[in-house]
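Asks: kindly generate the corresponding structure for this input.
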Amino acid sequence: MALVDIQVPDIGDFDEVAVIELLVKVGDTVKAEQSLITVESDKASMEIPSSGAGVVKELLVKLGDKVKQGVVIARLDSDAAPAEKPAAPAAASAPESKPAPAAAAAPAPAADSSGPVKVLVPDIGDFKDVAVIEVLVKVGDTVKLEQSLVTVESDKASMEIPSNVAGVVKEITVQLGDKINIGDPIAVVQASGAAAPTAAAAPAPAATSDKPDAPAATPAPAPAAGTPAAAPAAAHDPSAPVRTGLPHASPSVRKFARELGVPLEEVKGSGAKGRITAEDVQAFTRAVMSGASQTRAAAAKGGAGSGADSGAALGLIPWPKVDFSKFGPIERKDMSRIKKISGANLHRNWVMIPHVTNHDDADITDLEAFRVSTNKENEKSGVKVTMLAFLIKACVAALRKFPEFNASIDGEQLVYKQYYHIGFAADTPNGLMVPVIKDADKKGIMQISQEMGELAKKARDGKLSPGEMSGASFTISSLGGIGGRYFTPIINAPEVAILGVCRSTMEPVWDGKAFAPRLMLPLSLSWDHRVIDGAAAARFNVYLGQILGDFRRVLL
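Replies: As a prediction, this is how the structure comes out:
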């Protein structure tokens, strides 16, 4: 038995491509030309075959290693001599740090700086009839020099074919599933700027950055005009068995998934033969972000909003699992969609925002008398003025005086909003909803009361639109109609504060000479300590109480 070193053969003008998959392990018996590893650049992926047959005694590379021509990747124990010259897998692009040489074959026609240019398939190695698996542009798109137009695939490699001219795509001459060869036209581009080169360049990235992880110059692939839209991927099941092997996707889609942090092995492909498309990656991301799905990693930790093991990611002990039926009769009901969504948001906000809550009381004796008299005077209008309408106007005045309460965190910056959209929590049969009064600073008490009544009815009927629940810069959660004294409302991110109010009660208050009966409204102000400090919060509550005690201050 002879030991044979298997080297990376000539894979085109590449410089250090990454090993993304090991296809064999020590002890495996391999045949000549059997693939050992898969490598990938930003434009192509390819399998490196064995130049001989035998038993794998040693693998000299691991996932993530960078290899190039001549690097030993494996050592075989073989009684057969290595092939005289290893067959090269598809060489699909040039190195990232230097331009690709002009291909000897498939010359592209010369064109003037503004004429139509046929983009031809360049020399893609010793391959024939490779299939078009993705069309990355559509008619009307503006493309750059070396921007990828289509992705093709053989049984050993997938690669992207770039444009050899910059301009506007006038025609796509191939469709998904077409078989193409060197010299075949794939598109017609109306050239702009410099004339097209006289020979079609081998596929190569446009950028010449020395950084291997530099972002691609082209956006995520988009379906071409006239191609059928990908069917929506089925709902992701984190409990489904993990696929083995490399996900069936093009290099650009894999790079797109890496940038988003998407585990491709969990994405269900909607393309031909189960190929994962960019749309599949986007759909998976949307599903996870909306809470409709989970990755396996999140599911293993309990996931955001999952009652069972949601503390696992924080290093907490597991949630107790109890068979409640042992203790008596039980009934199980699915949580409503609103409770699932709001629960996940509340959990995130409580964990990620450093909450502090100030409690105070406001004397609303005179304001309540004014509200009652206003409702009597406007009985025929059909609009009932509530204390919440006055609270909204009072909060607007306080937000004007203390603008940090009307702000949001964006990275390392604070966004100070110049608008005053006030959300109010509405209790509905399906759960808590938060309609928003837009531009409350520009509306009077009567108009606010009318809008509140309309929005609250929509909320109870389940007819609120997303626009009517978005854009709030501050929120009020009122339990006045129910009862209670104080509570700690959870801030509604990305806001930085929320006001909770409970039922007002008549109490004896010392006026300096004697105790007098006064109607007192409990206030609970929760605030984000990253933005607001205790002194500012105390001043906000005091000022709000002063306004509610004498509403004429709103005019100041």
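
Asks: what's the closest non-adjacent residue to L22?
Replies: Spatially, and ignoring its direct neighbours in sequence, L22 is nearest to I37 (5.6 Å; C-beta to C-beta, 6 or more residues apart in numbering). C-beta here means a position set from N, CA and C on the backbone, and glycine is covered the same way.

Asks: other SSEs contacting whatever helix or strand the one you found lives in?
Replies: Per DSSP states H and E, I37 falls inside strand 35-40. Under the contact definition 3 or more C-beta pairs under 8 Å, 6 or more residues apart in numbering; DSSP states H and E, strand 35-40 sits against strand 17-22, strand 44-49, strand 72-78.

Asks: mean pLDDT for the ones you listed: which is lowest?
Replies: When those are ranked by mean pLDDT, strand 44-49 comes last with a mean of 80.

Asks: sheet-wise, list the partners of the following helix or strand past that one with their directions.
Replies: Sequence-wise, the next helix or strand downstream of strand 44-49 (DSSP H and E) is strand 54-59. Note on strand 54-59: by DSSP bridges, its sheet partners are strand 29-30 (antiparallel), strand 72-78 (antiparallel).

Asks: and the longest one, C-alpha only, in PDB?
Replies: It refers to strand 72-78. Extracted in PDB, the C-alpha atoms of strand 72-78 (Å, rounded to 0.1, in the frame of the first residue of the first chain):
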ATOM      1  CA  VAL A  72      -2.400  18.900   0.100                       C
ATOM      2  CA  ILE A  73      -6.000  18.300   1.400                       C
ATOM      3  CA  ALA A  74      -5.900  14.500   2.100                       C
ATOM      4  CA  ARG A  75      -3.600  11.500   2.300                       C
ATOM      5  CA  LEU A  76      -4.800   8.200   0.900                       C
ATOM      6  CA  ASP A  77      -3.500   4.600   1.400                       C
ATOM      7  CA  SER A  78      -3.700   3.300  -2.100                       C
END
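
Asks: the inter-axis angle of it versus strand 35-40?
Replies: Using axes from the mean of the first three to the mean of the last three C-alpha atoms, to 10 degrees, the direction of strand 72-78 lies 170 degrees away from that of strand 35-40.

Asks: quick one: residues in contact with strand 72-78.
Replies: By C-beta atoms under 8 Å, 6 or more residues apart in numbering, the residues outside strand 72-78 that reach it are 1-8, 24, 30, 36-37, 48, 50, 52-61, 67.

Asks: and M46, how close does it get to K268?
Replies: M46 sits 25 Å away from K268, going by C-beta to C-beta, to the nearest Å.

Asks: more neighbours: those two, which one.
Replies: M46 (27 against 17; other C-beta atoms under 10 Å).

Asks: mind checking pLDDT for the nearest residue to that one once chain neighbours are set aside?
Replies: The shortest distance from M46 to any non-neighbouring residue, by C-beta to C-beta, 6+ apart, is to A157 (3.6 Å). We have a pLDDT of 70 for A157.

Asks: related to what we said a few turns ago, to M289, which of the helices and strands packed on strand 35-40 lies closest?
Replies: Closest of the helices and strands packed on strand 35-40 to M289 is strand 17-22, at 26.1 Å (criterion: C-beta to C-beta).

Asks: what strand or helix carries I133?
Replies: With DSSP H and E as the test, I133 turns up in strand 130-135.

Asks: can you give me how far that strand is from the chain middle?
Replies: Relative to its chain's centre, strand 130-135 lies at 28 Å (C-alpha atoms, centre = their mean, to the nearest Å).

Asks: am I right that S373 is in a helix?
Replies: Yes - counting by DSSP: H, G, I helix; E, B strand; the rest coil, S373 falls inside a helix.

Asks: so A344, which state does it fall into?
Replies: Secondary structure, three-state DSSP: A344 is helix.

Asks: actually D360, not the one I wrote
Replies: strand.

Asks: quick one: I37 from V501, how far?
Replies: 65 Å.

Asks: check T277 too.
Replies: In terms of C-beta to C-beta, T277 sits 50 Å off from V501.

Asks: got it, and V17?
Replies: From V17 to V501 the distance is 63 Å (C-beta to C-beta).

Asks: center of the protein - which residue?
Replies: T285 (5.3 Å; C-alpha atoms, centre = their mean).

Asks: now do the helix or strand containing that residue: distance to the chain's middle.
Replies: Take DSSP H and E as the rule and T285 turns out to sit in helix 278-289. Centre-to-centre, helix 278-289 and its host chain are 8 Å apart (C-alpha atoms, centre = their mean).

Asks: got it, and stretch 516-529?
Replies: 39 Å.

Asks: pLDDT of that stretch, averaged?
Replies: 96.

Asks: how about stretch 539-554?
Replies: 94.

Asks: return the most buried member of the strands paired with strand 54-59.
Replies: Among the strands paired with strand 54-59, strand 72-78 has the highest mean neighbour count (mean count of other C-beta atoms under 10 Å), at a mean of 20.

Asks: quick one: work out the angle between that strand and strand 17-22.
Replies: Going by the same axes, to 10 degrees, strand 72-78 makes 50 degrees with strand 17-22.

Asks: strand 72-78: what's the following helix or strand?
Replies: Trace forward from strand 72-78 with DSSP H and E and the next one is strand 116-120.

Asks: buried residues of that following strand, list them for me.
Replies: 116-120 (16 or more other C-beta atoms under 10 Å).

Asks: in JSON lines, list those residues along with pLDDT and distance to T386.
Replies: JSON lines is the format used below for the buried residues of strand 116-120 (pLDDT from 0 to 100; distance: C-beta to C-beta, whole Å):
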{"residue": "P116", "pLDDT": "88", "distance to T386": "68"}
{"residue": "V117", "pLDDT": "90", "distance to T386": "69"}
{"residue": "K118", "pLDDT": "91", "distance to T386": "71"}
{"residue": "V119", "pLDDT": "92", "distance to T386": "67"}
{"residue": "L120", "pLDDT": "91", "distance to T386": "73"}
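
Asks: what are the ranges of the helices in the stretch 301-450 of the chain?
Replies: With DSSP state H, counting those that start in this stretch, the ranges of helices along the stretch 301-450 of the chain come out as 337-352, 365-377, 387-401, 445-461.

Asks: tell me how far Q175 lies from L63.
Replies: 35 Å.

Asks: same check, this time on L23
Replies: Taking C-beta to C-beta, one finds L23 at 12 Å from L63.

Asks: the two: which has the busier surroundings?
Replies: For L23 versus L63, neighbours defined as other C-beta under 10 Å are more numerous around L23 (17 against 10).
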